[in-house]
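Peer 1: The sequence and its predicted three-dimensional model are supplied below.
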Amino acid sequence: MDPILQVENLSVELDGQSVIEGLSFEVGRGETVMVIGPNGAGKTTLFRALMGFIPYRGRIAWKPGTRLGYVPQGVDVNREFPLAVRELFHLGKQRVNEKAIEEALSLVNSAGLARRTLSNLSSGEFQRVLIAFALAERPQALLFDEPTSDIDVGGQETIYHRLQQIGREQGLTLLMISHDLNVVLRFATQVLCLNKGFKCLGKPMDILTPELLRRLYGDEVGFYRHTHDVRADSDSLGRG
Amino acid sequence: MFAWVLVTGILAAAAIGYLGVFVIFKRVALAGDALSHVALPGIALALALGVDVLWGALPVLLLAAVIVYFVSKSAHLYEDAIIGILFSLSLAIGVLFINLEDLEAALFGDILHLGAGEMTVTILLSLIILLFVWALHRPLTLTCFSSDLARANGVKVERTNLFFFVLLALAVGLGVKVVGTLLVGSLVIIPSSAAANLARSLKSLTALSIGFAALSTALGLLAAHAFRLLPGPMIVIFEGVLFLLTLTGKLARQRVR
């Protein structure tokens, strides 16, 4: 494996409380790593540490020169700001022309949105614009913090599919926080699960077992594995 | 002479109107208001020392800007409450130490009686603020939009916020001259809110906010001059009218949709 990211013994505290403790993992170039775990498990905190936004202990080593793209979760974003979509692109690190903006937007099937205003977009459109904005900087790794809800599932599947294609074409490494275990099962090459003391890392089929999920989420979560094996379905937990 | 008053008022209002765009989208409208009241003890000090009120107001405002910045940085403090406390305390101290004669000018502005030196300083500072905000509009906008997205794009968010509050303090100091401490908050908030009712891009938001601030100041000053009224309240009334008009426009547009 050609690692693009190495994390060793990472610990992060927020307001004096330990959120992540002793986390170690490696990400290979071109991989799609999905981070799962219940709310408050430190998924977003992990991403913010990986981006270098917050202080941490331990070691986070991106391969030198790696350009990072970041798609924040909706909560941090001021959606009322009457910013035109194309204006957002002009605020980026690199100078972009109208053609580059159209290209970035068409990567996520949103070519028509350039002249719209961000505050008038639907949640799905808004998220696609944020992804296109991150992709316009031509990152080698994209960190994508998926919003918990309010986006239609069909649209979401398309986005992951597109990202996976872009990943293959451009050798883009994807790190995503996902709340949809079916998406994780379909698209992840590796799954990192986080919940306070409990951590696991592995291939989706190895991680997404009823027993591990119960340990990760407690008894509340329900998950149907999309497989043709009837027994596997009956093994999984009912929607709680 | 009145022409120079107009130029001074319009430029100061334009500078404040430009910053107002970021004030409302940073959701620090209250901080802008608090800052304006903090000017009062500074004005009291300047009057006691017999110097231009701007030299009393500015140091106190800058100090307050730094305080507001640190308060807004800390998640633990009750930001609104602390800013509210700062605001009422300053008002109390200011009112106590300024004699009644000067109080009206301090509270409602006295732009019609500015000397040539004061006008020159106000004009220069307004231009400097406009220039700085324009130069910083990229980090300021990104920070307003999303602080993490700003960081991801290499913006020093903390530093940008500090710059922003310092510029706001300077702008408020100028506004105190034009409409007075009680009303300068409206100069920060109303034009940008009116602009936000209509704007569909940052460019139009900025242009409209600056335009509305300048227009209402010009109209207010002309009306005050013609009818021998206090300019501060007249300016704010024109701003209010513009806000109501734009709000009506916005609601009408929403109904059409």
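Peer 2: Now that the structure is in, tell me what you want to look at.
Peer 1: what helix or strand does the residue most central in space within chain B sit in?
Peer 2: For chain B, the residue sitting closest to the mean C-alpha position, by CA atoms, centre = their mean, is residue B:188 at 3.7 Å. Using DSSP states H and E, the element containing residue B:188 is helix B:184-198.
Peer 1: Is that helix in proximity to chain A?
Peer 2: Yes: Helix B:184-198 reaches chain A (CB under 8 Å from any CB of the partner chain) through residue B:196. Backbone N, C-alpha and C define where each C-beta goes, glycine included.
Peer 1: can I assume residue B:118 is in contact with residue B:178?
Peer 2: No: in this structure residue B:118 lies outside contact range of residue B:178 using CB atoms under 8 Å: 11.2 Å.
Peer 1: what about those two, which has more around it?
Peer 2: The neighbour comparison of residue B:118 against residue B:178 (other CB atoms under 10 Å in any protein chain shown) goes to residue B:178, with 29 against 17.
Peer 1: Now do the host helix or strand of that one: which elements does it pack against?
Peer 2: For residue B:178, the element it lies in under DSSP H and E is helix B:157-179. On a contact count with 3 or more CB pairs under 8 Å, 6 or more residues apart in numbering or on different chains; DSSP states H and E, helix B:157-179 meets helix B:2-25, helix B:29-49, helix B:53-73, helix B:116-135, helix B:137-145, helix B:147-152, helix B:184-198, helix B:231-256.
Peer 1: If you count neighbours, what's buried in it?
Peer 2: Neighbour-count burial for helix B:157-179, counted by 16 or more other CB atoms under 10 Å in any protein chain shown, picks out B:157, B:160-179.
Peer 1: Run the chain-centre distance for the longest helix anywhere in chain A.
Peer 2: Taking DSSP state H as the criterion, chain A has its longest helix at helix A:153-170. Chain-centre distance of helix A:153-170: 12 Å, with CA atoms, centre = their mean, to the nearest Å.
Peer 1: and that helix, which residues are buried?
Peer 2: A:156, A:159-160, A:162-164, A:166-167.
Peer 1: among these, which are in reach of chain B?
Peer 2: Okay, of the buried residues of helix A:153-170, nothing touches chain B (CB under 8 Å from any CB).
Peer 1: which of those residues lies closest to chain B?
Peer 2: Of all those, chain B sits closest to residue A:163, with 17.1 Å by CB to the nearest CB.
Peer 1: how about the strand or helix carrying residue B:204, does it get close to chain A?
Peer 2: Using DSSP H and E, residue B:204 sits in helix B:202-227. Yes: with CB under 8 Å from any CB as the criterion, chain A is reached by helix B:202-227 at B:202-205.
Peer 1: which helices and strands sit right next to that helix?
Peer 2: helix B:2-25, helix B:137-145, helix B:184-198, helix B:231-256.
Peer 1: who wins for proximity to residue A:97 among the ones you listed?
Peer 2: helix B:137-145 (16.5 Å; CB to CB).
Peer 1: Send me stretch B:138-148 as PDB with only the CA atoms.
Peer 2: Extracted in PDB, the C-alpha atoms of stretch B:138-148 (Å, rounded to 0.1, in the frame of the first residue of the first chain):
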ATOM      1  CA  ARG B 138     -12.300  37.300   0.300                       C
ATOM      2  CA  PRO B 139     -11.300  36.100   3.800                       C
ATOM      3  CA  LEU B 140     -14.200  38.000   5.400                       C
ATOM      4  CA  THR B 141     -16.800  36.500   3.100                       C
ATOM      5  CA  LEU B 142     -15.400  33.000   3.500                       C
ATOM      6  CA  THR B 143     -15.300  33.300   7.300                       C
ATOM      7  CA  CYS B 144     -18.900  34.500   7.300                       C
ATOM      8  CA  PHE B 145     -19.900  31.700   5.100                       C
ATOM      9  CA  SER B 146     -18.200  28.900   7.000                       C
ATOM     10  CA  SER B 147     -15.200  29.200   9.200                       C
ATOM     11  CA  ASP B 148     -14.000  25.600   8.400                       C
END
